[in-house]
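S.K.: model the following, please.
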Amino acid sequence: MRTGAHIIAMMLGGAALAACQPDAAKPVQKAEAHEAPAPTPATPKVAAADAPLHDWLVGSWSFESSCASDFIAHYAADGSLDNSGEMGGWALAGNTVTETIRERYDSAASDGAEKVNPPETRSYTIERADKDHGTITYQGRKVPMLRC
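M.R.: Numbers count the residues shown, from 1 in each chain. The predicted structure is shown next:
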């Protein structure tokens, strides 16, 4: 079973394990002359570098040098979080992110996820460098982050 400290340790010094591939484009059907064009799938909106920090953080991030990793954090706009199999929520106050882990995926468990009771919390600061890069500081150690 992975713990929050284990995930952070992997973020700080882990090696790339598997590829993070974007979904392949789906073909768009041609519309008949009398029909409206078929809607195209919505592409995720990526916030600009000068967007509010909350909006900039929404998306998928690697804490390694590439997105070819099993350790990707997914920050949803609604405040939900999947940080490499640790699920819960996230909140931003200033430039400090606080994660609250309520479930942890455990490949040995029959149902796949275990409740974390009481929930675990951890906080770190973030600093953006540009649209797709930033840095988290966790327990005094700086870790680069890359949008995937």
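S.K.: the longest strand seen in the chain pairs with which strands, and in what direction?
M.R.: Scanning the chain for the strand with the most residues, using DSSP state E, yields strand 113-130. Note on strand 113-130: by DSSP bridges, its sheet partners are strand 96-105 (antiparallel), strand 133-138 (antiparallel).
S.K.: list of residues touching it?
M.R.: When contacts are defined by Cβ atoms under 8 Å, 6 or more residues apart in numbering, strand 113-130 is touched by residues 1, 3-4, 8, 49, 53, 56-57, 86-88, 95-106, 134-139, 145. (Glycine included, C-beta is placed from N, CA and C.)
S.K.: hey, C-alpha coordinates of it in PDB?
M.R.: The C-alpha trace of strand 113-130 is given here as PDB (Å, rounded to 0.1, in the frame of the first residue of the first chain):
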ATOM      1  CA  ALA A 113      -9.700   1.300  -3.100                       C
ATOM      2  CA  GLU A 114      -9.600   1.600   0.700                       C
ATOM      3  CA  LYS A 115     -11.100   4.400   2.700                       C
ATOM      4  CA  VAL A 116      -8.500   6.500   4.600                       C
ATOM      5  CA  ASN A 117     -10.000   7.100   8.100                       C
ATOM      6  CA  PRO A 118      -9.300   9.600   9.300                       C
ATOM      7  CA  PRO A 119      -8.500  11.400   6.000                       C
ATOM      8  CA  GLU A 120      -4.900  12.500   5.600                       C
ATOM      9  CA  THR A 121      -3.900  16.000   4.700                       C
ATOM     10  CA  ARG A 122      -0.700  17.500   3.400                       C
ATOM     11  CA  SER A 123       0.100  21.000   2.200                       C
ATOM     12  CA  TYR A 124       2.700  22.500  -0.100                       C
ATOM     13  CA  THR A 125       3.200  25.800  -1.900                       C
ATOM     14  CA  ILE A 126       3.100  26.200  -5.700                       C
ATOM     15  CA  GLU A 127       4.700  28.700  -7.900                       C
ATOM     16  CA  ARG A 128       4.100  28.900 -11.700                       C
ATOM     17  CA  ALA A 129       6.900  29.500 -14.100                       C
ATOM     18  CA  ASP A 130       4.800  29.600 -17.300                       C
END
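S.K.: select only the buried ones of the contacts of strand 113-130 in ChimeraX?
M.R.: Of these, the buried ones can be selected in ChimeraX as follows, counting by 16 or more other Cβ atoms under 10 Å:
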select :4,8,56,57,86,87,88,97,99,100,101,102,103,104,134,136,138,145
